[in-house]
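Novice: Build me a model from this:
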Amino acid sequence: AYYLDMIQKMKSGEAQKKSAEDKQKAEQLKADQALVLEEKQKADEEAKRNRSLKEKLYHQLANIKISKKKGEAPPPNVYSVRTPSIVFPVDVDIIKLTAQFVARNGRQFLAGLTAREQRNPNFEFLNPA
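Specialist: Next up is the predicted model:
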């Protein structure tokens, strides 16, 4: 039955039309696959370019860090204050830390700290008297 049906289709030309349609669909599928492959290659190249850009930046940053001379002593402290011998090291640390926090957080922090630590002898240096 199958062969008889195929013979009739061949005689009528229907099989040739179908094979032409199949060839056309196959060509269209190949073109679509080629287009998808081309887009994928472009995306891969773009990603590779971005990665290489990042790598270049990382290498430049690494070279900057490495290019500093090793074993070079840091510059001497220009602004140093000698503390009186009667002041305890703990008090000096409290004063230094307070100065750092006030420099970072501003006058409002200083006002709040002064109000909060008004009766604390460790923060006596905050009182204006």
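Novice: In which helix or strand does the residue nearest to the spatial centre of the chain reside?
Specialist: In the chain, the centroid-proximal residue (CA atoms, centre = their mean) is Lys54; its distance is 10.2 Å. Lys54 is part of helix 14-67 when elements are defined by DSSP states H and E.
Novice: So which elements touch that helix?
Specialist: Packed against helix 14-67, as judged by 3 or more CB pairs under 8 Å, 6 or more residues apart in numbering; DSSP states H and E, are the following elements: helix 2-12. For the C-beta atoms, the positions are set from N, CA and C on the backbone; glycine is no exception.
Novice: Compute the inter-axis angle for the helix it packs on and helix 14-67.
Specialist: Helix 2-12 and helix 14-67 meet at an angle of 90 degrees, taking axes from the mean of the first three to the mean of the last three CA atoms, to 10 degrees as the criterion.
Novice: In terms of secondary structure, what does helix 2-12 contact?
Specialist: Secondary-structure packing of helix 2-12 (3+ CB pairs under 8 Å, 6+ apart): helix 14-67.
Novice: Could you pull out the buried residues of whatever helix or strand comes next after the helix it packs on?
Specialist: Scanning forward in sequence from helix 14-67 by DSSP H and E, the next helix or strand is helix 89-105. For helix 89-105, burial by neighbour count (16 or more other CB atoms under 10 Å) applies to Asp91, Ile95, Thr98, Val102.
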